[in-house]
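Visitor: predicted structure and sequence below. I'll ask about it afterward.
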Amino acid sequence: MKGHTHALIGLAAASFLPLAENAAATEKLLPYAFAFTGSLICDIDTGKSTISGAFSPVKQKYIKAAVNFIFALFMIIGALFLRGSEYIYLFLVLVILGGLNLNNISSKIFNGIKKAVVILISLSLVTAGFFFRHIPLVLLGLYLLSLLLSTHRGYSHSFIAVVLAFVILRYTFRFYGIFDYSLSFCVGMSSHILGDMCTQRGVSLLFPVNKKYSFPLTFKTGSIIEWVFCIISVFILLNSALFS
């Protein structure tokens, strides 16, 4: 499923959670915020996901422009140095191959930057946790790192990942005396996993068991059925907003 579909389903699922009647407007929105984050966090292992895009300090178009500039500079300098040389034809072949792969190179650099930022955040949490003796920060950093290092639709899409998220977040909220939104986060996470089980690739639900699980009836990512899921989710959210 695409990122926007996961987000809508996660938000729709959160609308079924009980809310305190006397809660302020901001407090009523927080469960949705955690469910939204949970519905996207599973795909942090891939640089192409919606959530990983939030961690990039540079837009992809700027990286693409920089790669194109460096490549053009390489062509000019190479042509000047190898003009009349026997290696000029080899250089031309390299230029052609490089030109055909410029977009792929830009994407790999962009994805690498996003992953590097997530790793930096994870290590910063772990370091701060040890320095200030705040164990929840250590656990959050290690958990985020474990999701990042997961194979796509592997550990990050498993039952054990949801359980660990629930335990770590509940411990974190209690440690800092904050209202517990661990259930909201895990509802969003679970909706993501169930959504991907509707697609043909399936998920490693029982990780570390190396087997992909999916529902008997599946559909392709981006198909009309996925849009039906989006529309239903929007109706559920509107119903919750108007009649809750």
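Guide: All right, it came through fine. Numbers count the residues shown, from 1 in each chain.
Visitor: got phi/psi on Val203?
Guide: Dihedral angles of Val203 (phi, psi; degrees, to the nearest 10) stand at phi -140, psi 160.
Visitor: residue nearest the centroid of the protein?
Guide: Centroid check for the chain by C-alpha atoms, centre = their mean gives Ile44 as the closest residue, at 2.9 Å.
Visitor: I figured that residue hits Thr50, correct?
Guide: No: look at Ile44 against Thr50 with C-beta atoms under 8 Å: they stay out of range, at 9.8 Å. In this view, the C-beta of every residue, glycine as well, is placed from N, C-alpha and C.
Visitor: who's in contact with the residue nearest to the centre of the chain?
Guide: When contacts are counted by C-beta atoms under 8 Å, 6 or more residues apart in numbering, Ile44 touches 51-52, 118, 144, 147-148, 156.
Visitor: again with Cys198
Guide: 1, 214-215, 217-219, 229.
Visitor: what's the answer for Asp43, then?
Guide: By C-beta under 8 Å, 6+ apart, the contact list for Asp43 reads 3, 6, 49-52, 152, 156, 192.
Visitor: least confident of those residues?
Guide: Least confident of the contacts of Asp43 in the model: Ser52, at 72.
Visitor: number of nearby residues for that residue?
Guide: Ser52 has 23 neighbours, counted by other C-beta atoms under 10 Å.
Visitor: list phi and psi for it.
Guide: In terms of degrees, to the nearest 10, the main-chain angles of Ser52 are phi -70, psi -30.
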